[in-house]
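Student: Okay, predicted coordinates and the sequence, questions at the end:
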Amino acid sequence: MIVELQNLTKIFPSRNKNSDDEVVAVNDFTFTIPDGKLVGLLGPSGCGKSTTLYMICGLQKPTSGKIFFGEDDVTQLPAENRGVGLVFQNYALYPHMTVKQNILFPLQNLRGEDRLSKEEMLNRAYEVAKIVQIDELMERKPSELSGGQQQRVAIARALVKMPKVLLLDEPLSNLDARLRLQTREEIRRIQRATNITTVFVTHDQEEAMSISDMIVVMKLGIVQQIGKPQDVYNSPANLFVAKFLGTPPINVFDGRIKDGVVYIGNEAVGDARDVADQNVYVGIRPEGFILNDDGPFTCNLNAVEVMGRDVSVVATNEASINPVVRAIIDADNKIDHDRKTVNFFIKPNKMFLFNKETEERIYIVEDR
Ligand code: ADP
Ligand code: MG
């Protein structure tokens, strides 16, 4: 099912009675979610992710704009008639029912021509239980399951009505770190197995990057960038996106362009042919540094942290916006921990320039 969002906007009245400040929770969101793909809706808390999801499922009416499922305009259609499955952060299973009863529950409420026989219901319940791998646990109560298993039951319950669209709102937030990792792989596997068009909401960039076919990065209700996770990481459209994606985060410096050359402080760190002279922000990914005594970029060395495969060089530089500069270099590099300064070359494809006022990306010829 293709889901099309057209100029979707949601304005809430102020929560404070003494103020008329409205909240534009979602601002002119236009995007076509491709059929059978998993789209990660990503951004900091309060950026409008849940509101977008609730409009897609019909729990909230847009202030303006339209939503299409395939050819059908569903903007005014009630949630129960949209054929969507919804999974929340709190799995909200019925505690007194077994896993099987929890999964059967949505089917027992079907009326009219959708009504199923007992046998059909059971077949369906076991079918989805197999997909999410809880078919061995059908007679247990939710309290006898781990958090990850409970979340899988919640997903099974959302899948059992064979939804056209699956919507997941921060489904992993209540799980501990290891389960979170495991369950996100599960969700990916389930999505592939069922091929249901899925929107996955999270504030965790790594989570979204790791399982999404496409990500949508939002800030204050406004879409910042849409693309394949790796493409967005490799070519962020603005400083916000550059900073939001990646761990450790991108290093940001005060810099300037002079005669087509990028300077940080007085050091020429790269080319910017055809870019007008101006002050800029220079973003450099941690993996964008090449340790070399002949390198043009000098930093004061703070510490060298060895983390298995990689070595993290922690340094400082007067022009750095972040408190420390972090460079990830190959563990084969020999580095004397006692030295005062280190020098780097900068990989051109790991360095991005941003307008000082708008924080929009300044593309250089090589980027196009
Ligand atoms: P997210 O899911 O990305 O954390 P939300 O979509 O929940 O963000 O909220 C987006 C913005 O809309 C926030 O500023 C939030 O306070 C506001 N908001 C959400 N729901 C309501 C509501 N029912 N009434 C008023 N403001 C709301
Ligand atoms: Mg939310």
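Tutor: Perfect, thanks for sending it. Ligands and ions are numbered 1, 2, ... in the order given.

Student: In stretch 114-134, which residues are buried?
Tutor: 121-122, 124-125, 128-129, 131-132, 134 (16 or more other C-beta atoms under 10 Å). (Each C-beta comes from the backbone N, C-alpha and C, glycine too.)

Student: same deal with stretch 66-74?
Tutor: By neighbour count on 16+ other C-beta under 10 Å, the buried set for stretch 66-74 is 67-69, 74.

Student: nearest to Glu139, of those?
Tutor: Closest to Glu139 out of the buried residues of stretch 66-74 is Phe69 (36.1 Å), distances taken as C-beta to C-beta.

Student: partner residues bridging that closest one?
Tutor: Val3, Asp72 (DSSP bridges).

Student: now, which of the buried residues of stretch 114-134 sits nearest Gly112?
Tutor: Closest to Gly112 out of the buried residues of stretch 114-134 is Met121 (15.4 Å), distances taken as C-beta to C-beta.

Student: Thought Pro106 was touching that closest one, still the case?
Tutor: No: between Met121 and Pro106 there is no contact under C-beta atoms under 8 Å: 9.8 Å.

Student: Including secondary structure, distance to Glu206 and pLDDT, could the buried residues of stretch 114-134 go into TSV?
Tutor: Output for the buried residues of stretch 114-134, formatted as TSV (DSSP: H, G, I helix; E, B strand; the rest coil; distance: C-beta to C-beta, whole Å; pLDDT from 0 to 100):
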residue	secondary structure	distance to Glu206	pLDDT
Met121	helix	38	93
Leu122	helix	39	95
Arg124	helix	34	92
Ala125	helix	33	95
Val128	helix	28	90
Ala129	helix	29	92
Ile131	helix	25	85
Val132	coil	23	85
Ile134	coil	26	90
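
Student: Could you export those as JSON lines, including distance to ligand 1?
Tutor: Below are the buried residues of stretch 114-134 laid out as JSON lines (distance: C-beta to the nearest ligand atom, whole Å):
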{"residue": "Met121", "distance to ligand 1": "34"}
{"residue": "Leu122", "distance to ligand 1": "36"}
{"residue": "Arg124", "distance to ligand 1": "31"}
{"residue": "Ala125", "distance to ligand 1": "31"}
{"residue": "Val128", "distance to ligand 1": "27"}
{"residue": "Ala129", "distance to ligand 1": "30"}
{"residue": "Ile131", "distance to ligand 1": "27"}
{"residue": "Val132", "distance to ligand 1": "25"}
{"residue": "Ile134", "distance to ligand 1": "28"}
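
Student: what residues does this protein put near ligand 1?
Tutor: 12, 15, 23, 25, 43, 45-51 (C-beta under 6 Å from any ligand atom).

Student: cutoff 5 Å now
Tutor: 12, 23, 25, 45-51 (C-beta under 5 Å from any ligand atom).

Student: Tell me which stretches of the stretch 151-300 of the chain form helices.
Tutor: Along the stretch 151-300 of the chain, counting by DSSP state H, counting those that start in this stretch, helices occupy 177-194, 205-211, 229-234, 239-244.

Student: which residues sit in contact with Thr247?
Tutor: Residues in contact with Thr247 (C-beta atoms under 8 Å, 6 or more residues apart in numbering) are 205-206.

Student: still on that earlier bit, with respect to ligand 1, which of the buried residues of stretch 66-74 is nearest?
Tutor: Checking the buried residues of stretch 66-74 against ligand 1 by C-beta to the nearest ligand atom gives Ile67 as the nearest, at 15.7 Å.
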